[in-house]
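> Return atomic coordinates for the entry below.
(4 chains)
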Number of protein chains: 4
Amino acid sequence: MIKVGIIGSTGYAGGELARLLYHHKEAKVVWYGSRSYIDKKYSQVFGNFTEIVDEKCLEDNMEELASKVDVIFTATPQGLCSSLVNEEILKKVKIIDLSADFRIKDVATYEKWYGIKHGSPQYIEEAVYGLCEVNREKVKGARIIANPGCFTTCSILTAYPLVKEGIIDANTLIIDAKSGTSGAGRGAKVNNLFCEVNENIKAYGVLTHRHTPEIEEQLGYADGQDIKIIFTPHLVPMNRGILVTEYATLKKQVSYEEVKAIYDKYYKEEVFVRVLEKDVCPETKWVEGSNYVDVNFKIDERTNRIVMMGALDNIVKGAAGQAIQNMNLLFGLPETEGLQFVPIFP
Amino acid sequence: MIKVGIIGSTGYAGGELARLLYHHKEAKVVWYGSRSYIDKKYSQVFGNFTEIVDEKCLEDNMEELASKVDVIFTATPQGLCSSLVNEEILKKVKIIDLSADFRIKDVATYEKWYGIKHGSPQYIEEAVYGLCEVNREKVKGARIIANPGCFTTCSILTAYPLVKEGIIDANTLIIDAKSGTSGAGRGAKVNNLFCEVNENIKAYGVLTHRHTPEIEEQLGYADGQDIKIIFTPHLVPMNRGILVTEYATLKKQVSYEEVKAIYDKYYKEEVFVRVLEKDVCPETKWVEGSNYVDVNFKIDERTNRIVMMGALDNIVKGAAGQAIQNMNLLFGLPETEGLQFVPIFP
Amino acid sequence: MIKVGIIGSTGYAGGELARLLYHHKEAKVVWYGSRSYIDKKYSQVFGNFTEIVDEKCLEDNMEELASKVDVIFTATPQGLCSSLVNEEILKKVKIIDLSADFRIKDVATYEKWYGIKHGSPQYIEEAVYGLCEVNREKVKGARIIANPGCFTTCSILTAYPLVKEGIIDANTLIIDAKSGTSGAGRGAKVNNLFCEVNENIKAYGVLTHRHTPEIEEQLGYADGQDIKIIFTPHLVPMNRGILVTEYATLKKQVSYEEVKAIYDKYYKEEVFVRVLEKDVCPETKWVEGSNYVDVNFKIDERTNRIVMMGALDNIVKGAAGQAIQNMNLLFGLPETEGLQFVPIFP
Amino acid sequence: MIKVGIIGSTGYAGGELARLLYHHKEAKVVWYGSRSYIDKKYSQVFGNFTEIVDEKCLEDNMEELASKVDVIFTATPQGLCSSLVNEEILKKVKIIDLSADFRIKDVATYEKWYGIKHGSPQYIEEAVYGLCEVNREKVKGARIIANPGCFTTCSILTAYPLVKEGIIDANTLIIDAKSGTSGAGRGAKVNNLFCEVNENIKAYGVLTHRHTPEIEEQLGYADGQDIKIIFTPHLVPMNRGILVTEYATLKKQVSYEEVKAIYDKYYKEEVFVRVLEKDVCPETKWVEGSNYVDVNFKIDERTNRIVMMGALDNIVKGAAGQAIQNMNLLFGLPETEGLQFVPIFP
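Residues are numbered from 1 along each chain as shown, chains lettered A, B, ... in the order given. As a prediction, this is how the structure comes out:
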């Protein structure tokens, strides 16, 4: 049984880690870390765990934790994980970091977009970007997994096959993304109050959102060159879910069948990526509560462009679910263990 | 492996049966019945089942079905199950009816409140009211299970211990219930359109809702006499969840501890009923997607009354989950098999 | 033109005062007070006022304000208005207090339920409870108006005629109230985040909510004696709206027509109270954005009780609209000036 | 006083016409047409009109209506208006058609995208496209106004100045649009049920939505040539509101100030178009219930593209409000009469 510690277990991603791991046959949470709720019962913070989890919240002490668990998930704000990790810790445990600290290989880029100094740049190189469908083999041997961002996972997987195969001009890529509000976290901010979000939609972080360089880096690897894209997130009045609508210019004329074949080449064997039937648009509701990503596309012959669409649950495949998928790979377990839930509808 | 047939598999309760049974180790759906979608792929009706269920919808032929499965769930409008069931069918399969056809023992009462003629009154007597926490032993030997209504399950379990122990005057009981919109079904009606329900709350079926006689009958058994209550349902702009707030006059002065002890007497060993800590109010979000019922109470010394509260997921414990709990009892399986999900939050 | 100052103009009720007063022919806001946003443009706090209101937010200085305006609305937390008001101010301006400071005549009751010391008990006696439909004449000559609470307005108006006429036993009254989230204010609290409220319903403040003594006092006047009721508020995932469902025992047998005649006696001439047609249940959506209260009732012959229902917009008739209605009375204007908006649907 | 007839008064746009016209000083609805609810009281269909409108619904008889009113609004499905209109009618009344029948000048294009035969192509030429900010002068003398679509109004006004001034390459335009559910109408369809829309977002009509040729035609006029764009609508779980996020390649390097000056050139004098302050993103909540369109933009130097954003209330500026704005122009009234409401928040 893998012993798991969660740092930041009382945020939305932390709560989802606890929920999913409860159903995992080979892992068990033994440390519910939460700076804000130390000594409070976990089920008093998250009432869904009443009579299910009896533990109290513990402090975010990574050193102590490292001696007690096999893997640490850090579901904390940017900067925390990189400020705590060190060689001694890494000798003892695997780290799966749900923050952005180890996602971007270029420190300058990280520090520019995030506006903070990186706490341990010496580990960036070895950290593996944990997008399982793309980096599966590398993940298996890593000490630090940089768990991808929610928007990023959806944005990359939706376009990846077409970039990799040179079907679209990656520099023309425009990603219009829509997210449920859990993506904004559980901090008490006026902007995230019910009355401010409900009956409302808006763009935010236009041209400055931090997931932009992450998408550019990863799709740039697929494209074999540096690329520049536009990424625009929007806040949608729903709890969970991300939908991306992506637009790009086709490099050459292609048929539906050709593009479908390319998607199938990459995703037919992937349990968690579902390429939908022709003309069926992904909906966030069809993946809610699950680790699935639904993708589809439509070719616009009139403008020689393609519209790609992808949907996932931002707290599952966009955070906790993918983190567990990485854990499964790290520990040699079936990749789908603890993750094969049917999405919940309605 | 128990072979399961679902009649009415493309409604919300039918879809939840399919979802929950997919995770059940000892049962498997082999017949997805749906009068409206015959020959359509089930995953085209419910996109969450894409790449999970490959079957097509079949017609609602109970005779044929009876030869192919071990148990039939009827998740259909009132009147259908009672019009189809007969001795030959009952010799072959167990029936778990999610409609109201076999819930009320008095045919006249049924016909009065439902406004339809009962199709097979000869089976009412033997049908067992499948409120597992109350009728566990009777369920085990039944041929027909009358699966309780969603409001009813929540209303009864919230008040049951206090009625049974004679703490409250059951004839003073007022049940103010609030339900998510999935309780209204998947039929295309203007009243249930998004724009009509969203940003709105209203009472409906005031003093005429059909769950009233069902609650009266069951709580009447607990009270040892016929009772009359008030039950008022409200429509809430959310998908899932029922919350009941119940008010009754205390028969004698009681302390918090005394009442708590009574709830514990009935529910401490019940996996699916959680009596919350003092002063914690049940919230539908804390039980969403799960088979739990959360209950609590507060004594009003000022008026000599008690406020009882209960919350459940109307499609799980209020329909499909409880139906599976009944199936587990019927087939000698662990009662919790396939049902121990942590509620999903947020 | 009446010059208006708003203290607390950047809360939800303050914003609604600004919105409604913008359409008022005889009044104009000249002071947008807001401790939190001093010197920030009002339209930067509330984007709906872009290019409509150009003023900046000013501090909450009641003394200075008193010399500049004819009437001050205090849309602030409990305790502020009573701590600021004094004889000098009252000589210069009218005060319409949207907080609870002057609603309850008995200081001890106020201090017990609100848990704070009253700042100027000497003004409680003269303050008039501004429920216009009940206290119209008294309002006209007041210096301080205690603007009723949102739940209170709805709860009282729904039951008032039947209490006043002795039709129901007021001590059996149970008020089950449901409120949109704007009632919780614009403060940044985890409990009011979108993800905590959405897809959720819960009771709160059970038996301890501060609107209880306010309702008891006012309905007690109508009943001619002290009464004790039960009041239970619930939080509903919508922005605006309050629905109350009230239950009481009838003192004698009455027909629909008799009760309807009583409601009509009190409300036929009231512009803002609409007694609905038989069997039509009030819905919050039908009053949204307006100053209307919709009420109706249903007699339960089975239990000798009556169910009364009422709906209003908590920020309009439950706060800002009623405050303006009071202002109109105070200044001898038509009572409906600036308030006759058709509710907005959907 | 202008006498108004509404054909299709019981849809969402029809209801909004009735609401706004109730507040209009120079116009009065005298005919509430509704094929589905003939002889039913209008306030029984739309409860918000209780005690406000006493009329009953009448049939959709345009001939009779033409003799009784000065202007007819047709808020009906495509094809109805063009099938009813004739010379005799046009001699008597003005027609403001909220459907698409007269929006597109090329009959073949109309018939291709809408899949129906046009009922009176002889009137297409003279019909004026009622986008007031662009076609103000032409509107004044028209007999038939083709009231623009909701998506179209928002999409065009957001990009119009930059297309007109040749700042962007109109053929690179990508419009990613998000709409509240009232845009889908009040018809009873499973897809628009609360449970299907709530907690969900999806694209629909990808590359085939009928507002595409309408946008292309109008922006083509501004650009001086035929253009082809991509338009993708999404369904958002909210009642009202449209947000568009538009992307285009800049024809030359421009500064924020230059682009701002161009927007100001076109919109500074426009009451209903608000160009927001730098870096403020339009939100649908800030225009809800009003006739405003909020627009803004952001230049992406990294990719030489520009992101434009626009928000409006789809039932007001996107339908009923703009129709009344057209009526005001037609009858020589102040363009803003009956339309200057502060948006409602929250």
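> mind listing what the closest residue to A:V53 other than its chain neighbours touches?
The shortest distance from A:V53 to any non-neighbouring residue, by CB to CB, 6 or more residues apart in numbering or on different chains, is to A:Y42 (5.0 Å). Bear in mind the C-beta positions are built from the backbone N, C-alpha and C, glycine included. The contact partners of A:Y42, taken as CB atoms under 8 Å, 6 or more residues apart in numbering or on different chains, are A:9-10, A:18, A:32, A:49, A:53, A:55-57.
> Likewise for A:L312?
By CB under 8 Å, 6+ apart, the neighbours of A:L312 are A:150, A:153-154, A:241-242, A:284, A:287, A:292-294, A:318.
> picking up where we left off before, just the ones of the contacts of A:Y42 in helices?
Residues from the contacts of A:Y42 lying in helices, with DSSP state H as the criterion: A:A18.
> The stretch 1-150 of chain A against chain B: which residues are in contact?
Proximity of the stretch 1-150 of chain A to chain B (CB under 8 Å from any CB of the partner chain) is limited to residues A:12, A:15, A:18-19, A:22-23, A:44, A:46-52.
> ok, 7 Å please
A:12, A:15, A:19, A:22, A:46-52 (CB under 7 Å from any CB of the partner chain).
> Farthest-apart pair in those residues, please.
Greatest spatial distance among the residues of the stretch 1-150 of chain A next to chain B (CB to CB): A:Y12 and A:E51, at 21.5 Å.
> between these two, which one's more packed in?
A:Y12 (25 against 14; other CB atoms under 10 Å in any protein chain shown).
> Which residue, other than its chain neighbours, is closest to the more buried one?
Nearest non-adjacent residue to A:Y12 (CB to CB, 6+ apart): A:S182, at 4.6 Å.
> likewise A:A320?
Leaving out its chain neighbours, the residue that sits closest to A:A320 by CB to CB, 6+ apart is A:E16, at 3.8 Å.
> and that neighbour, what does it touch?
A:315-316, A:319-320 (CB atoms under 7 Å, 6 or more residues apart in numbering or on different chains).
> And those residues, which is closest to chain C?
A:I315 (9.9 Å; CB to the nearest CB).
> Helices of the stretch 1-150 of chain A, residue ranges please.
A:12-22, A:42-45, A:62-68, A:80-84, A:87-92, A:107-114, A:132-140, A:150-164 (DSSP state H, counting those that start in this stretch).
> Against the centre of chain A, work out the most remote residue.
A:R302 (34.2 Å; CA atoms, centre = their mean).
> Tell me the predicted confidence for that residue.
For A:R302, the model assigns a pLDDT of 96.
> Do I have it right that it meets D:I227?
No: counting by CB atoms under 7 Å, A:R302 stays clear of D:I227, with 10.6 Å between them.
> how about the residue farthest from the centre of chain A, what does it touch?
Shown in contact with A:R302 (CB under 7 Å, 6+ apart): D:K228.
> how much space is there between it and chain C?
A:R302 sits 35 Å away from chain C when distances are taken as CB to the nearest CB, to the nearest Å.
> would you say that residue is within a helix?
No: judged by DSSP: H, G, I helix; E, B strand; the rest coil, A:R302 forms no part of a helix; its state is coil.
> Once you drop chain neighbours, what's closest to the residue in the stretch 51-200 of chain A that chain B sits nearest to?
Nearest residue of the stretch 51-200 of chain A to chain B: A:E51, at 5.0 Å (CB to the nearest CB). Spatial nearest neighbour of A:E51, excluding adjacent residues (CB to CB, 6+ apart): B:R274 at 5.0 Å.
> Within the sheet, what are the partner strands of the helix or strand where that neighbour lies, with directions?
For B:R274, the enclosing helix or strand under DSSP states H and E is strand B:273-275. Neighbouring strands of strand B:273-275 in its sheet, by DSSP bridges, are strand B:293-300 (parallel).
> now the angle from the strand it pairs with to helix B:150-164?
If you take axes from the mean of the first three to the mean of the last three CA atoms, to 10 degrees, strand B:293-300 sits at 50 degrees to helix B:150-164.
> Could you figure out how far strand B:293-300 is turned away from helix B:132-140?
140 degrees.
> which residues sit against strand B:293-300?
Taking CB under 7 Å, 6+ apart as the rule, strand B:293-300 contacts B:154, B:157-158, B:254, B:256, B:259, B:263, B:272-276, B:280-282, B:286-287, B:306-312, B:317, C:206-207, C:230.
> And stretch A:278-285, by the same measure?
Contacts of stretch A:278-285 (CB under 7 Å, 6+ apart): A:241-243, A:256, A:276, A:294-296, A:309-311, A:345-346, B:47, D:199-204, D:206.
> Repeat that for stretch A:59-75.
So stretch A:59-75 is contacted by A:2-9, A:11, A:13-14, A:17, A:30-31, A:33, A:35, A:38, A:80-81, A:84, A:89, A:92-99, A:323, A:327, A:330 (CB under 7 Å, 6+ apart).
> tell me which parts of the stretch 201-346 of chain A are close to chain C?
When proximity is defined as CB under 7 Å from any CB, the stretch 201-346 of chain A approaches chain C at A:N239.
> Do you know the pLDDT at whatever residue of the stretch 201-346 of chain A ends up closest to chain C?
In the stretch 201-346 of chain A, the residue that lies nearest chain C is A:N239 (5.0 Å; CB to the nearest CB). At A:N239, the model reports a pLDDT of 98.
> For it, list the residues it contacts.
Going by CB under 7 Å, 6+ apart, A:N239 touches A:180-182, B:346, C:195, C:198-199, D:199.
> Buried only: go through the contacts of A:Y42 for me.
A:9-10, A:18, A:32, A:49, A:53, A:56-57 (16 or more other CB atoms under 10 Å in any protein chain shown).
> now, which of the residues you listed lie within strands?
Using DSSP state E, the subset of the buried ones among the contacts of A:Y42 located in strands is A:Y32.
> from the buried ones among the contacts of A:Y42, which two are the most distant?
Farthest pair in the buried ones among the contacts of A:Y42 (CB to CB) is A:A18 and A:K56. Separation: 13.2 Å.
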